[in-house]
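Undergrad: Return a 3D structure for these sequence lines:
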Amino acid sequence: MYGLEAISRYNGWSMSIVGILIVFTGLVILSITISQIHKVLSLFDKKKQTQPKTKVIETPESILPQDVKTLSYYYKQLTDQLGEPFKLSDLIKISQNFNFPHPYLSINYLRNAGIIVRQEKCLFVLKTTNLK
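TA: Just a heads-up that it's a prediction; the model follows:
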C-alpha cells in the first residue's frame, strides 16, 4: 500500500496537522517573547534611570513687556536652566513650556533693551547688571 491510501490508513493527515500546529504555536510563542523582551530586560537592569534635577521656576502670572527688571528676573531663571550661551529658539520653547505670557514680545523687548545680547553667531547671553 502506497500513496494517499497509506497516509489515510496510518493517520498521516492528523499527524501532519498536529505537526503544523506545533510549529505554528512555537512561532507564535517566539514572536510574543521577542516583542516583550524589553520588559524582561528592564527587570534585570540594575541601573536606576535618573533624571537631571531641575530647579523650580517661578512662572509669572502676568507681566507687562515694558517692565524690564521683572522680565529679566523671570528670564534669568530660564537661562540658568539652558546655560549660557543659549539659542533664542530654545529660550522661546522653554518659556512656552512654563506658560510665560507673550514670549516673543518679551524676548524682543529684552533684546531691544540690551538685556539679551548676541555673543556669537545664533548664540545669546543675558546681562543682568543692576537688576534685581
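Undergrad: for residue 113, phi and psi?
TA: When read as degrees, to the nearest 10, the backbone of residue 113 gives phi -80, psi -10.
Undergrad: Contacts only, for it.
TA: Contact analysis of residue 113 by C-beta atoms under 8 Å, 6 or more residues apart in numbering lists residue 68. For every residue, glycine as well, the C-beta is placed using N, CA and C.
Undergrad: distance of it from residue 26?
TA: To residue 26, residue 113 is 71 Å away according to C-beta to C-beta, to the nearest Å.
Undergrad: And the helices in this structure, which stretches?
TA: Ranges of helices in the chain, per DSSP state H, are 4-9, 12-35, 37-44, 68-82, 88-97, 103-112.
Undergrad: Ok, which of these comes nearest residue 118?
TA: For the helices of the chain, proximity to residue 118 was assessed by C-beta to C-beta; helix 103-112 is nearest, at 8.4 Å.
Undergrad: Need the contact partners of the closest one.
TA: 63, 65-66, 68, 71-72, 75, 88, 91-92, 95-96, 100, 116-117, 124, 126.
Undergrad: hmm, 7 Å instead?
TA: Contacts with helix 103-112, where a contact means C-beta atoms under 7 Å, 6 or more residues apart in numbering, come from 65, 71-72, 75, 88, 91-92, 95-96, 100, 116.
Undergrad: and those, which two are the farthest apart?
TA: Checking the contacts of helix 103-112 with C-beta to C-beta, the most distant pair is 72 and 96, at 18.3 Å.
Undergrad: Neighbour count: those two, which is higher?
TA: residue 72 (21 against 11; other C-beta atoms under 10 Å).
Undergrad: Is that one in contact with residue 128, as I believe?
TA: Yes - judged on C-beta atoms under 7 Å, residue 72 makes contact with residue 128 at a distance of 5.7 Å.
Undergrad: can I see the domain layout of this protein?
TA: 4-44, 68-126 (automatic domain parsing).
Undergrad: Would you single out the least confident of these?
TA: Lowest mean pLDDT of the domains of the chain: domain 68-126, a mean of 79.
Undergrad: So residue 75 sits against residue 127, correct?
TA: No - judged on C-beta under 7 Å, residue 75 makes no contact with residue 127 at a distance of 11.2 Å.
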